[in-house]
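A.B. asks: what shape does this take:
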Amino acid sequence: MSTIADEYEPLEVIGRGSFGTVRKVRQKDTGAVLVRKEIEYTSMNNQEKNHIISELRILRELDHPHIVRYLRHDHISEKKAIHIYQEYCDGGDLGKIISRFKRNKESIPEEFIWEVLVQTLLALHRCHYGIDASKVNLFSGAKKENEPTVDSETVIIHRDIKPENIFIMEPKKTIKLGDFGLAKMLTSQNDFAKTYVGTPYYMSPEVLMDNPYSPVCDIWSLGCVLFELCNLHPPFQAKTHLQLQARIRSGEIPEISPVYSQHLRNIISESITVEPDSRPTCYELLNSISVRMFRKEMELKSLNETLNAFQAQLVIKSAELKKREVAMRDIEKRESALKSLENREAAVQDLEKREAALRSLERREGALELLERKVQAQKLELDRQLTSKKRELEDELIISQRRLQKQREDLENELMEDFEARKRAMDQEGKEMRLYYQREFKHVVEQEVQARLNELLRKKAYPNDDGELRRKKSDSSATSLDYHTRPHSPSKPKGPRELIDESPQQLYQHQIQNQHIAYQNQTQQHVQHKYQHQTTSHPASSNYSNVSQQTRPPLKTRNHDSEYSVARTEFGARKRITDEFERMNLQKRNTPEYEEHYMRLHRF
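C.D. replies: Take a look at the predicted model:
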């Protein structure tokens with residue numbers, strides 16, 4: 001009775017472990033070369049047997065282009081052994097590559113390190129989230145997707161990521177993650193695992209300290225592998241296990257070689273973070289801008305390789321058709337020579353055999369004509385196939401060029417729209433700032449004019465109080481520039497409260513009488529405001545400068561939607577005679593049109 005092992009031809013041994021052997025085998029039917037793990041469980045304990053069962057379960061569920069593919073397994077009960085068949089990675093593992101570059105004293109190319117990072121992250125995304133990572137689309141303006149949640153029953157943590165478990169598949173240098181013997185499957189009810197396994201040099205602090213850990217422990221191990229690819233040695237080295245444990249807990253790593261880009265060094269530093277909560281997840285790393293750009297570059301490179309393969313096939317087909325045309329011409333020449341020879345032989349035959357020779361020649365001519373028609377038809381068919389295939393390849397090339405051109409135009413349009421939007425926003429902001437400064441300037445001038453006008457009106461109404469106030473000021477040491485420059489009126493005009501009950505005609509006469517006072521105060525206010533504006537940055541600025549710096553809400557106009565509100569001042573809410581008069585004339589109290597009219601009237 002034949003077994004599964006009889007279907008394969010054993011080849012050389014490529015690795016040995018404490019519980020078995022790793023051997024290359026060749027399938028007899030197809031000739032494909034595979035890897036067979038020959039595991040003997042006679043001396044294993046229950047935990048080690050559970051590791052084997054867990055690995056088989058994980059391998060059956062994982063099907064990803066960047067994970068070593070599981071094919072089948074065979075349980076040999078009489079030998080108490082299990083054979084696991086997987087695909088063979090003919091490019092070796094990262095440990096051999098690091099040793100070769102270290103022996104030659106050379107640096108590993110950065111592009112290869114990016115390929116290891118991206119393809120390993122894609123494999124870990126499938127393990128951690130149970131789904132494949134979404135494709136990169138740099139030309140769409142869609143909103144950013146949320147980090148996926150695990151909908152399946154289990155999450156797979158590798159727990160033993162190291163250079164010897166990351167393999168390379170020729171000829172395209174495809175990176176594949178393998179050796180899930182220490183992987184842990186976490187159920188949805190248990191978010192953390194707590195088991196001490198893995199390689200110490202690449203072990204995360206939480207696993208090393210036997211604390212609960214999550215899938216980000218694989219990110220730590222991947223960061224250590226990337227560090228070793230850059231510096232050709234692990235980030236943490238020590239002579240004893242305790243020293244290694246202390247260095248890993250500190251999280252201090254040597255400086256990464258400066259020959260590599262800052263983006264790559266930042267990703268490695270972020271991955272080797274002691275706090276698991278501060279460590280990026282697999283999804284966050286895949287969605288970083290540098291990784292997304294490299295993934296898109298890999299896709300374009302693959303597309304270019306496919307296009308070059310099509311062109312190479314076209315060249316081969318064209319060469320084959322040319323060879324066939326040459327062969328057809330050679331056949332035609334031979335047929336012509338044969339026909340000429342037959343004609344010459346017929347001419348030298350006896351007269352008795354001429355009739356038989358003629359009949360034979362007729363039959364041959366008929367056969368040659370039939371053969372010629374067949375050859376001509378075959379030639380036409382080959383020409384038609386060549387033309388059709390060439391047209392199809394040209395159409396595919398044109399479509400690819402148009403698609404690339406459209407993507408380039410979409411990107412340019414998107415950038416131009418973003419530029420125009422930013423420009424409009426800056427123009428709108430500048431317009432609002434100009435209106436804000438105009439409104440603040442108007443507000444400060446109105447306050448000062450109103451204050452001085454009230455003072456003049458009070459002095460005109462109470463001249464005796466003015467003398468007493470002057471005596472009080474002379475007693476104190478404080479003097480004011482406004483007091484010496486303010487004109488003194490012998491009589492006190494009516495105040496705002498007295499003007500409320502007057503008619504519009506009386507208010508107009510009052511404004512005509514006090515117009516020279518308002519003009520002088522406005523001139524003095526302009527001079528004082530100019531002086532205060534020049535000294536606003538000084539710590540000893542006056543209260544007038546503090547008032548000018550108060551924040552006011554934007555003015556409601558035809559181009560602004562905010563509500564109109566009166567700014568708070570240190571003088572309190574007072575009625576202004578000029579404002580009251582303008583509102584009474586316009587019959588539009590508390591309206592935005594009045595504010596614009598007032599600004600145009602006084603040219604603020």
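
A.B. asks: how about the helices of the stretch 301-450 of the chain, start to end?
C.D. replies: 351-461 (DSSP state H, counting those that start in this stretch).

A.B. asks: can you tell me the centre-most residue of this structure?
C.D. replies: Residue closest to the average C-alpha location in the chain (CA atoms, centre = their mean): I289, at 3.3 Å.

A.B. asks: Provide the secondary structure category for K37.
C.D. replies: Per DSSP: H, G, I helix; E, B strand; the rest coil, the secondary structure class of K37 is strand.

A.B. asks: beta partners of it?
C.D. replies: Beta bridges link K37 to V22, I84, judged by DSSP bridges.

A.B. asks: ok, it - contacts?
C.D. replies: 20-22, 82-84, 86 (CB atoms under 8 Å, 6 or more residues apart in numbering). (Each C-beta comes from the backbone N, C-alpha and C, glycine too.)

A.B. asks: buried ones among those residues?
C.D. replies: Among the contacts of K37, those classed as buried by 16 or more other CB atoms under 10 Å are 20, 22, 82-84, 86.

A.B. asks: break this protein down into its domains, please.
C.D. replies: Domain assignment for the chain by automatic domain parsing gives 4-87, 94-287, 432-602.

A.B. asks: avg pLDDT for the last one?
C.D. replies: This means domain 432-602. The pLDDT scores in domain 432-602 average 57.

A.B. asks: report how many residues lie close to I268.
C.D. replies: By the criterion of other CB atoms under 10 Å, I268 has 24 neighbours.

A.B. asks: so what secondary structure elements neighbour the strand or helix carrying it?
C.D. replies: I268 is part of helix 262-271 when elements are defined by DSSP states H and E. In terms of contacts (3 or more CB pairs under 8 Å, 6 or more residues apart in numbering; DSSP states H and E), helix 262-271 is packed against helix 110-129, helix 216-231, helix 289-348.

A.B. asks: okay if I get those helices as a markdown table plus mean pLDDT?
C.D. replies: Putting those into a markdown table (pLDDT from 0 to 100) gives the following:
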| stretch | mean pLDDT |
| --- | --- |
| helix 110-129 | 92 |
| helix 216-231 | 94 |
| helix 289-348 | 84 |
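
A.B. asks: wait, which of the ones you listed is closest to R434?
C.D. replies: For those, proximity to R434 was assessed by CB to CB; helix 289-348 is nearest, at 37.0 Å.

A.B. asks: in contact with the closest residue to M298 other than its chain neighbours, which residues?
C.D. replies: In space, not counting the residues next to it along the chain, M298 is nearest to V118; the distance is 6.8 Å by CB to CB, 6 or more residues apart in numbering. V118 is in contact with 286, 291, 294-295, 298, counting by CB under 8 Å, 6+ apart.

A.B. asks: closest one of those residues to M209?
C.D. replies: The shortest approach to M209 among the contacts of V118 belongs to L286, at 28.1 Å (CB to CB).

A.B. asks: number of residues surrounding that closest one?
C.D. replies: L286: 20 neighbours (other CB under 10 Å).

A.B. asks: repeat for K374
C.D. replies: 10.

A.B. asks: measure it to E381 for me?
C.D. replies: Going from K374 to E381 by CB to CB, to the nearest Å gives 11 Å.

A.B. asks: next: D218.
C.D. replies: 58 Å.

A.B. asks: TSV for the contacts of K37, including distance to Y201 and pLDDT?
C.D. replies: Converted to TSV, the contacts of K37 look like this (distance: CB to CB, whole Å; pLDDT from 0 to 100):
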residue	distance to Y201	pLDDT
G20	24	77
T21	25	85
V22	22	87
I82	29	85
H83	30	88
I84	26	88
Q86	25	89
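
A.B. asks: make JSON lines from those residues and add distance to P280 to it.
C.D. replies: JSON lines is the format used below for those (distance: CB to CB, whole Å):
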{"residue": "G20", "distance to P280": "37"}
{"residue": "T21", "distance to P280": "39"}
{"residue": "V22", "distance to P280": "34"}
{"residue": "I82", "distance to P280": "37"}
{"residue": "H83", "distance to P280": "39"}
{"residue": "I84", "distance to P280": "33"}
{"residue": "Q86", "distance to P280": "30"}
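
A.B. asks: out of those, which one sits closest to L393?
C.D. replies: Q86 (37.8 Å).

A.B. asks: how many residues are close by the closest residue to that closest one other than its chain neighbours?
C.D. replies: In space, Q86 comes closest to V35 once its chain neighbours are excluded; the distance is 5.0 Å by CB to CB, 6+ apart. Using other CB under 10 Å, V35 has 21 neighbouring residues.

A.B. asks: check contacts around V35.
C.D. replies: V35 sits in contact with 14, 22-25, 85-89, where contact means CB under 8 Å, 6+ apart.

A.B. asks: among those, the buried ones, what's the PyMOL command?
C.D. replies: Command for PyMOL that selects the buried part of those, burial taken from 16+ other CB under 10 Å:
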select buried, resi 22+23+24+25+85+86+87+88+89
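
A.B. asks: which of the contacts of V35 fall in helices?
C.D. replies: Using DSSP state H, no member of these falls within helices.

A.B. asks: now V118: how far from E325?
C.D. replies: On the measure of CB to CB, V118 and E325 end up 48 Å apart.

A.B. asks: next one: K105
C.D. replies: Distance of K105 to E325, given as CB to CB: 56 Å.

A.B. asks: between the two, tell me which one has more neighbours.
C.D. replies: Each of K105 and E325 has its neighbours counted (other CB under 10 Å); E325 has more, 14 against 7.

A.B. asks: hang on, Y213 packs against P205?
C.D. replies: No - at 9.2 Å, Y213 does not count as touching P205 under the criterion of CB atoms under 8 Å.

A.B. asks: just want to know which of these two has more residues nearby.
C.D. replies: Taking neighbours as other CB under 10 Å, Y213 and P205 compare with Y213 leading, 25 against 20.

A.B. asks: for that one, list each beta-bridge partner.
C.D. replies: Under the criterion used (DSSP bridges), Y213 bridges to A193.

A.B. asks: what's the pLDDT at it?
C.D. replies: Reading off the model, Y213 has pLDDT 80.

A.B. asks: what's the answer for L182, then?
C.D. replies: pLDDT recorded at L182 is 49.

A.B. asks: and what of A133?
C.D. replies: So, for A133, pLDDT stands at 84.

A.B. asks: could you check how far it is from T240?
C.D. replies: To T240, A133 is 40 Å away according to CB to CB.

A.B. asks: kindly report the same for H158.
C.D. replies: Taking CB to CB, one finds H158 at 26 Å from T240.

A.B. asks: so which of these two has more stuff around it?
C.D. replies: Legend: neighbour count by other CB under 10 Å for H158 and T240, higher for H158 (28 against 8).

A.B. asks: correct me, but the more buried one touches L177?
C.D. replies: Yes - using CB under 8 Å, H158 is in contact with L177, at 7.0 Å.

A.B. asks: overlap in contacts, those two.
C.D. replies: Joint contacts of H158 and L177 (CB under 8 Å, 6+ apart) are 124, 165.

A.B. asks: who's more crowded, D218 and E381?
C.D. replies: D218 (30 against 10).

A.B. asks: for stretch 230-246, which positions count as buried?
C.D. replies: 230-232, 234-236, 244-245.

A.B. asks: fine, thanks again, bye for now.
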